[in-house]
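Student: Turn this into a model:
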Amino acid sequence: MQEEFVFSGFGGQGILFAGQLLAYTAGYEGKHVTWIPSYGPEMRGGTANCTVVVSDEPIGSPIVRNPGVVAVFNNPSMEKYEPLVKPGGLLVINTSLIAARSERDDIDVLLVPANTIAEQVGNAKLLNMVMLGALLTMRPVVPMEAVERTLAKKLKETGKDHFIDPNIEALHKGVAVAKGELTVA
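Tutor: Modelled structure (predicted):
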């Protein structure tokens, strides 16, 4: 198994952290993994994306031309990455900020109102965890319990223990959206 992910949006949306959390979790689960961040010099508000490759075998190259899974958090990311998703892949769209829908019939598309859900959880910055929870429900390369353990570990290491529960709640909301158990107007 090898799965290639791209997370893309504005700086400040937690794009790099979502990818990094997936990468750390996969590594802790004994997978081979690469994580490559990319961001503009303006940081917050500028473009940010990262590529994560998770595999059972050694990874030949961390460069990904046609990812199997793409999570787009804003319109410019939708425009850039929607055409690049490989046939049979998954496109996760943050419908809170992206009005456009994919016209492709050769990929799976998951619509997630991530900003709206994050605000309901109590912190708009949790949209990255909503998107990650939804994405990993559709492409479960690592168990959600492992993601929760890694999230708690990383937040404790940085002295942000108080963010563990809201982040886990946001992950669960993403799972619920992907399973069709939660709808948001």
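Student: Val141 and Glu148: what is the separation?
Tutor: 15 Å (Cβ to Cβ, to the nearest Å). Heads up, the C-betas are built off the backbone N, CA and C, glycines and all.
Student: Which one's more surrounded, those two?
Tutor: Val141 (21 against 17; other Cβ atoms under 10 Å).
Student: part of a helix, is the more buried one?
Tutor: No - going by DSSP: H, G, I helix; E, B strand; the rest coil, the assignment for Val141 is coil, not a helix.
Student: Contacts only, for it.
Tutor: Val141 makes contact with 1, 3, 22, 26, 31, 54, according to Cβ atoms under 8 Å, 6 or more residues apart in numbering.
Student: And the furthest pair within those?
Tutor: Across these, the longest distance by Cβ to Cβ is 14.4 Å; it joins Met1 and Leu22.
Student: Looking at those two, which is more packed in?
Tutor: Higher neighbour count among Met1 and Leu22: Leu22, with 26 against 8, using other Cβ under 10 Å.
Student: At which residues are the strands of this structure located?
Tutor: 2-10, 32-39, 47-55, 69-72, 90-94, 108-112 (DSSP state E).
Student: Can you say which of these is packed in most?
Tutor: Greatest average neighbour count among the strands of the chain goes to strand 69-72 (a mean of 28), per mean count of other Cβ atoms under 10 Å.
Student: Leu84 versus the residue nearest the centre of the chain, what's the distance?
Tutor: With distances taken as Cα atoms, centre = their mean, the residue of the chain nearest its centroid is Leu132 (3.8 Å). Separation of Leu132 from Leu84 (Cβ to Cβ): 20 Å.
Student: just Val70 next, same as before
Tutor: 7 Å.
Student: With Arg104 instead?
Tutor: In terms of Cβ to Cβ, Arg104 sits 11 Å off from Leu84.
Student: One more: Ile59?
Tutor: With Cβ to Cβ as the criterion, Ile59 and Leu84 are 19 Å apart.
Student: wait, doesn't Pro123 sit right on Pro166?
Tutor: I think there's a mix-up here, since residue 123 is Asn and not Pro. Yes - at 5.7 Å, Asn123 and Pro166 qualify as touching, with contact defined as Cβ atoms under 8 Å.
Student: Was I right to think the residue nearest to the centre of the chain contacts Val147?
Tutor: Yes - using Cβ under 8 Å, Leu132 is in contact with Val147, at 7.3 Å.
Student: Next, show the common contact partners of these two.
Tutor: 21-22, 171.
Student: Restricted to helices, list the residues you listed.
Tutor: 21-22, 171 (DSSP state H).
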